[in-house]
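**Student:** got a sequence here, can you build the structure:
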Amino acid sequence: MPWLIRDEIFRARDGKDLDLRTMTEADACFLRWLDARAAAGESYPALLPAVTGPGGYLLNTAERPDPRARTRPVFRAAMDLLARVAERDGLKLPKAVLDGTRGGVHSVTDAARELRITRAAVVRAIQEGRLAAYRMG
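**Tutor:** Below is the predicted model of the structure:
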């Protein structure tokens with residue numbers, strides 16, 4: 001059963017609706033798949049690479065991301081869905097991730113600067129499961 005998509009409509013946190021019928025079939029299929037994974041209880045770190053990771057559908061990343069990808073409605077909807085999964089999981093995400101201006105991959109230093117805490121506090125929050133993280137590479 002879908003989590004956030006009802007009758008082919010995705011309602012964003014800001015109240016705007018995105019009609020999947022106006023999207024390409026590939027984009028709509030991706031959002032349905034992401035929504036189904038979220039509905040099944042998959043965690044934020046498990047879902048994030050599908051959206052922003054290397055080889056992720058939306059950024060078409062092999063080596064370099066497409067800079068226009070972040071302006072596409074499907075990307076904004078996917079980031080909105082990821083933010084809701086993080087909230088459901090009790091994770092605190094930096095504002096840049098929540099508003100979709102940053103894909104979510106931060107170094108410990110970037111996260112510390114964004115959250116205005118020490119690097120040690122970031123590491124401790126990650127270890128305690130209070131901050132979403134996964135190791136790249």
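**Student:** what about the strands in the protein?
**Tutor:** 5-6, 9-11, 17-19 (DSSP state E).
**Student:** pick the most deeply packed of these.
**Tutor:** Across the strands of the chain, the average number of neighbours (mean count of other C-beta atoms under 10 Å) peaks for strand 9-11, which reaches a mean of 17. C-beta here means a position set from N, CA and C on the backbone, and glycine is covered the same way.
**Student:** ok, residue 8 - contacts?
**Tutor:** 19, 20, 21, 28 (C-beta atoms under 8 Å, 6 or more residues apart in numbering).
**Student:** list the contacts for the first one?
**Tutor:** When the contact criterion is C-beta under 8 Å, 6+ apart, the partners of residue 19 are 8, 9.
**Student:** could you redo the last one with a cut-off of 6 Å?
**Tutor:** residue 9 (C-beta atoms under 6 Å, 6 or more residues apart in numbering).
**Student:** quickly list what it is bridged to.
**Tutor:** residue 9 (DSSP bridges).
**Student:** and it, how far from residue 5?
**Tutor:** For residue 19, the distance to residue 5 equals 11 Å [C-beta to C-beta, to the nearest Å].
**Student:** cool, and the second one?
**Tutor:** From residue 20 across to residue 5, the span is 7 Å (C-beta to C-beta).
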